[in-house]
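**Student:** No sequence on hand, only this structure:
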Ligand code: HXC
């Protein structure tokens with residue numbers, strides 16, 4: 001018996017050693033942790049239960065029959081984050097560059113299916129060279145099976161990808177279907193085809209970093225929802241994110257004790273909005289002063305900064321916050337901002353997370369670049385996302401709510417449950433200057449100044465909208481937290497269903 005136990009331990013040691021010390025040292029030399037070290041940091045200490053440690057590939061071509069490493073390049077299983085179950089897979093770059101064989105794919109599929117069945121999030125840690133070149137079509141089949149599971153799980157369990165090394169070819173599309181993608185600065189990159197193929201096809205010389213580093217995806221393409229300094233920070237932040245999320249769409253978002261007075265007043269908010277309507281202010285200051293303990297997990301903080309999205313808590317319960325940011329492009333809605341916020345709103349709605357929207361928006365971005373880029377279709381995404389959302393929706397207009405953007409930003413007309421405005425709100429078809437220049441086209445400059453004052457007096461306030469019932473109340477800025485907390489309490493029993501359909505046809 002003792003001998004058998006020793007054999008088991010020896011087998012486990014072989015699996016834990018992955019591709020061997022030399023390759024582990026190379027991994028560390030690049031500033032990267034190993035697949036197992038990452039899991040240890042992600043999960044609660046000692047909570048990891050591994051599956052399929054002894055799985056080996058079955059390939060025989062290209063001398064592969066003699067090259068087998070137990071585990072086959074991916075570590076899979078489950079554990080807990082602050083006591084709550086999550087499933088994980090972590091690609092082991094030290095074994096065939098983390099590349100995907102048929103057996104490796106079967107391991108990932110097993111945890112994906114288990115996570116879906118149990119109703120628990122899945123977290124994938126990526127560090128891999130794509131399809132196992134020696135396995136050909138079996139590898140492609142494995143990817144497609146994974147993509148299918150990702151798709152079926154979408155909206156049922158949260159799916160999070162962390163890119164912690166190369167992520168190429170087949171490996172990019174699983175993260176792309178998941179809910180959030182995070183990258184590690186300087187050590188991770190993701191692209192469909194790497195620099196060598198790019199060179200052959202387009203004759204472009206490009207580095208890994210310029211093709212798919214965090215600067216590309218977290219700042220420009222919006223593919224990544226954030227980038228962190230190193231493995232440790234990325235994994236710590238994923239733990240923080242998981243704390244905000246329900247384990248599945250069968251659950252309500254988690255509640256945790258809050259030490260922040262729910263009805264706390266914030267007098268400094270009364271002077272947040274500058275007297276000059278063209279002067280910016282920081283919308284994040286409002287968010288951090290309103291939510292519990294100023295704790296805000298921002299999604300895509302460096303992409304489309306003209307809109308701010310993220311998770312916070314009110315009275316200990318998770319809320320999704322969407323807010324125009326007057327500090328960047330005056331908070332205008334453009335293609336990127338619409339795409340970013342639409343995805344966030346849909347995630348919150350899928351997982352029963354109430355939405356709080358702070359509005360200060362001068363409209364949609366004008367111009368040929370935006371129109372040629374399809375602003376109509378992309379802007380419609382955000383409109384559609386808000387309109388279809390059935391979670392509690394609370395809106396506070398702090399200043400501008402102009403034109404179509406007023407309608408889009410969780411207005412009463414698209415089923416906003418509680419719509420408040422600060423006394424500084426201006427709800428109008430457009431800014432007063434632009435408005436009078438159109439309707440009084442033939443008047444002199446002096447006359448236009450008078451007309452503008454008249455227009456401002458009539459429309460640049462919240463009271464016309466309030467007189468129609470489009471705004472439920474004009475509230476004092478310092479009482480915003482109290483009003484939102486009370487509103488959220490009153491909406492806890494909200495029940496609203498959209499008409500039956502196979503699925504909708506969101507303007508993709
Ligand atoms: C098998 C692979 C591999 C792969 C890397 N390795 N990629 N083995 N299949 N796809 C192995 C290497 O042979 C090497 O083994 C070890 O992993 C480390 O690789 P290096 O090249 O030494 O590392 P590095 O210099 O850091 O470069 C990493 C890399 C590069 C940029 C990822 O390895 C690379 O370009 N790999 C190929 C990427 C690729 O084209 N994949 C196929 C994509 S197509 P040893 O034994 O020396 O340690 C695809 C189609 C699916 O994925 C589409 C589905 C939709």
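**Tutor:** That came through fine. These figures come from a predicted structure and were not determined experimentally.

**Student:** Break down the stretch 101-250 of the chain into its strands, ranges please.
**Tutor:** 122-128, 159-168, 180-184, 189-191, 226-228 (DSSP state E, counting those that start in this stretch).

**Student:** Which residues of the chain lie near the ligand?
**Tutor:** Applying C-beta under 6 Å from any ligand atom, we find that the chain lies next to the ligand at 23, 96-97, 99, 129-133, 140, 143, 166, 168-170, 173, 194. Heads up, the C-betas are built off the backbone N, CA and C, glycines and all.

**Student:** from the residues you listed, which would you call buried?
**Tutor:** Neighbour-count burial (16 or more other C-beta atoms under 10 Å) applied to those gives 23, 96-97, 99, 129-132, 140, 143, 166, 168-170, 194.

**Student:** of those residues, closest to residue 294?
**Tutor:** Of all those, residue 166 has the smallest distance to residue 294: 36.7 Å, by C-beta to C-beta.

**Student:** Could you give the bridge partners of that closest one?
**Tutor:** Under DSSP bridges, the beta-bridge partners of residue 166 are residue 189.

**Student:** On the pLDDT front, check it for me.
**Tutor:** We have a pLDDT of 94 for residue 166.

**Student:** now do the one 5 residues further on
**Tutor:** The score at residue 171 is 93. That number is its pLDDT.

**Student:** now do residue 229
**Tutor:** 98.

**Student:** next one: the one 4 residues further on
**Tutor:** pLDDT for residue 233: 98.

**Student:** Next, work out how far apart it and the ligand are.
**Tutor:** 22 Å (C-beta to the nearest ligand atom, to the nearest Å).

**Student:** Check residue 227 too.
**Tutor:** Taking C-beta to the nearest ligand atom, one finds residue 227 at 19 Å from the ligand.

**Student:** show me what contacts that residue?
**Tutor:** The neighbours of residue 227, taking C-beta atoms under 8 Å, 6 or more residues apart in numbering as the test, are 182-185, 214, 217-218, 302.

**Student:** Most tightly packed of the strands of the stretch 101-250 of the chain?
**Tutor:** strand 122-128 (a mean of 27; mean count of other C-beta atoms under 10 Å).

**Student:** Okay, angle between it and strand 159-168 too, please.
**Tutor:** Interaxial angle, strand 122-128 versus strand 159-168 (axes from the mean of the first three to the mean of the last three C-alpha atoms, to 10 degrees): 10 degrees.

**Student:** Spatially nearest residue to residue 313, not counting backbone neighbours?
**Tutor:** Closest residue in space to residue 313, ignoring its immediate chain neighbours: residue 292 at 4.3 Å, by C-beta to C-beta, 6 or more residues apart in numbering.

**Student:** where are the low-confidence patches of the stretch 51-200 of the chain?
**Tutor:** By pLDDT under 70, the stretch 51-200 of the chain has no low-scoring segment.

**Student:** Let's see that with 90 instead.
**Tutor:** 57-69, 133-134, 136, 168-170, 193-194, 197 (pLDDT under 90).

**Student:** And the stretch 201-350 of the chain, by the same measure?
**Tutor:** 275-278.

**Student:** roughly how far apart are residue 264 and residue 20?
**Tutor:** Going from residue 264 to residue 20 by C-beta to C-beta, to the nearest Å gives 56 Å.

**Student:** what does residue 197 give?
**Tutor:** Distance from residue 197 to residue 20, by C-beta to C-beta: 29 Å.

**Student:** Spell out the residue ranges of the helices in the stretch 1-150 of the chain.
**Tutor:** In the stretch 1-150 of the chain, the helices defined using DSSP state H, counting those that start in this stretch lie at 2-16, 21-29, 35-42, 102-118, 137-153.

**Student:** Report the closest residue of the stretch 201-350 of the chain relative to the ligand.
**Tutor:** residue 208 (6.9 Å; C-beta to the nearest ligand atom).

**Student:** Actually, the stretch 151-300 of the chain.
**Tutor:** residue 169 (2.2 Å).

**Student:** Quick one: residues contacting the closest residue to that residue other than its chain neighbours.
**Tutor:** Excluding its sequence neighbours, the residue lying closest to residue 169 (C-beta to C-beta, 6+ apart) is residue 130, at 3.1 Å. Residues near residue 130 by C-beta under 8 Å, 6+ apart: 99-100, 168-171.

**Student:** Can you pick out the most distant pair from those?
**Tutor:** Across the contacts of residue 130, the longest distance by C-beta to C-beta is 10.9 Å; it joins 100 and 168.

**Student:** what do these two both touch?
**Tutor:** Shared contacts of residue 100 and residue 168, defined by C-beta under 8 Å, 6+ apart, comprise 128, 130.

**Student:** which residues in the stretch 251-400 of the chain form helices?
**Tutor:** For the stretch 251-400 of the chain, applying DSSP H, counting those that start in this stretch gives helices covering 283-290, 335-350, 368-372, 375-388.

**Student:** could those helices go into JSON lines alongside mean neighbour count?
**Tutor:** Output for the helices of the stretch 251-400 of the chain, formatted as JSON lines (neighbours: other C-beta atoms under 10 Å):
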{"stretch": "helix 283-290", "mean neighbour count": "20"}
{"stretch": "helix 335-350", "mean neighbour count": "23"}
{"stretch": "helix 368-372", "mean neighbour count": "12"}
{"stretch": "helix 375-388", "mean neighbour count": "20"}
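
**Student:** between those helices, which one is nearest to residue 475?
**Tutor:** helix 283-290 (11.9 Å).

**Student:** Tell me which other helices or strands that closest one touches.
**Tutor:** Helices and strands touching helix 283-290, as assessed by 3 or more C-beta pairs under 8 Å, 6 or more residues apart in numbering; DSSP states H and E, comprise strand 307-314, strand 317-324, strand 355-361, helix 480-490.
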